[in-house]
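*Asks:* the sequence isn't on hand, but the structure is:
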């Protein structure tokens, strides 16, 4: 491997990363990162490096953490000794160059800031996931690459996008020498588009939103413009800002459907169907946040909650049917004046919105009994 470096050229190549790192107190970490990227990484491929497991959402960060550990302990297990030495040499040269250019050395800031700096400098190599969650396309050149088979980052992106925790399907990474894969990938989150890439990328997210009760989150579209490239994606977004209002509206619509076209009286609904074990509401109920690791309920528990919600809506429809006493012989498909249903839908929506108190999904409701429609003697005052 080449042991000589054009320090000035390398420094200019990563200048954007260094400037961001200096602003956020992680310049030393960014110098390390640049040296690692230039030598092609220091972790031996396929090794069980603990840093690679801990920072799988950003491969460059994993290499930087491994570098830091090796430098402090002298232990080179899972480390390519030659590349590590190369990176040490280059980092020293870059540190000297930073001093000559007036940079104040800083370190110890948040690791998130290091990943942000990597995303900023690699944005020319941004990739979007398409084709049934298999191929990644360069947003500028439309070149097609894949991640290494079994790469955890691929499963993270696809898992979170399907579960609505992170609806975007973007990573940054370098084209590998074999012409097939993407090396040194890092996940690009919704926060990155707002805070890191706002000068070069424009995002219109949450377009045409609608709430899916079966998924427990908002279904929508988003549009990302990077230079002249425009990418459109369908998305599930459980942190959509309109989620609370859309959730209440969807509950109202579903209740009306059961009242008009279902047969709620024939459904088996337990009196205790709305009772659940109280649980702490997630932070997203108070303030939507960028999620680094999604924390959705297990599928089995989610399905149980969805079933309770369905039965609750059936129960509410049955209560409303008793209140409004449809004409004899009309059966389950009776139809009153459309204006009546519109008025009742509005009333239901206001009721659910009040009871949900800003909840984004069923996961945010500790006790579903708050959504039970008042009994007939109280309903008219609602």
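*Replies:* Received the coordinates, thanks. Treat the numbers as computed from the prediction; the structure is a model and nothing was measured.
*Asks:* so, low pLDDT: which residues of the stretch 251-382 of the chain?
*Replies:* The stretch 251-382 of the chain contains residues with pLDDT under 70 at 263-302, 325-339, 376-382.
*Asks:* can you report how many residues lie near the closest residue to residue 171 other than its chain neighbours?
*Replies:* Spatial nearest neighbour of residue 171, chain neighbours left out: residue 185 (4.7 Å); criterion: CB to CB, 6 or more residues apart in numbering. Heads up, the C-betas are built off the backbone N, CA and C, glycines and all. Neighbours of residue 185 under the rule other CB atoms under 10 Å: 27.
*Asks:* in this protein, which spans are strands?
*Replies:* Ranges of strands within the chain are 126-130, 135-138, 144-145, 170-175, 182-188, 201-212, 217-226, 229-237, based on DSSP state E.
*Asks:* relative to residue 44, which of those is closest?
*Replies:* Closest to residue 44 of the strands of the chain is strand 182-188 (CB to CB; 14.3 Å).
*Asks:* tell me the mean pLDDT over that closest one?
*Replies:* For strand 182-188, the mean per-residue pLDDT is 89.
*Asks:* got a pLDDT number for the residue nearest to residue 63 when sequence neighbours are not counted?
*Replies:* Spatial nearest neighbour of residue 63, excluding adjacent residues (CB to CB, 6+ apart): residue 36 at 4.7 Å. pLDDT, residue 36: 94.
*Asks:* what sits against residue 36?
*Replies:* 42, 60, 63, 64, 67, 87 (CB atoms under 8 Å, 6 or more residues apart in numbering).
*Asks:* which of those residues lies closest to residue 155?
*Replies:* After measuring the contacts of residue 36 against residue 155 - CB to CB - the closest member comes out as residue 60, at 18.7 Å.
*Asks:* distance of the residue nearest to residue 63 relative to residue 100?
*Replies:* To residue 100, residue 36 is 22 Å away according to CB to CB, to the nearest Å.
*Asks:* and for residue 115?
*Replies:* Distance from residue 115 to residue 100, by CB to CB: 27 Å.
*Asks:* swap in residue 29?
*Replies:* 20 Å.
*Asks:* do the same with residue 190
*Replies:* 38 Å.
*Asks:* so which bits of the helix ranked longest in the chain are buried?
*Replies:* Ordering each helix of the chain by length in residues (DSSP state H) puts helix 299-324 first. Residues 302, 305, 308-321 are the ones in helix 299-324 that count as buried (16 or more other CB atoms under 10 Å).
*Asks:* what helices and strands are in contact with it?
*Replies:* Other elements packing on helix 299-324 under the criterion 3 or more CB pairs under 8 Å, 6 or more residues apart in numbering; DSSP states H and E are helix 243-260, helix 376-379.
*Asks:* how does it look with 6 Å?
*Replies:* helix 243-260 (3 or more CB pairs under 6 Å, 6 or more residues apart in numbering; DSSP states H and E).
*Asks:* by how many degrees do the helix it packs on and helix 299-324 diverge?
*Replies:* 60 degrees (axes from the mean of the first three to the mean of the last three CA atoms, to 10 degrees).
*Asks:* give the buried residues for helix 243-260.
*Replies:* 243-252, 254-256, 258-260.
*Asks:* same question for stretch 118-138.
*Replies:* Applying 16+ other CB under 10 Å to stretch 118-138 flags 118-123, 125-129, 136-138 as buried.
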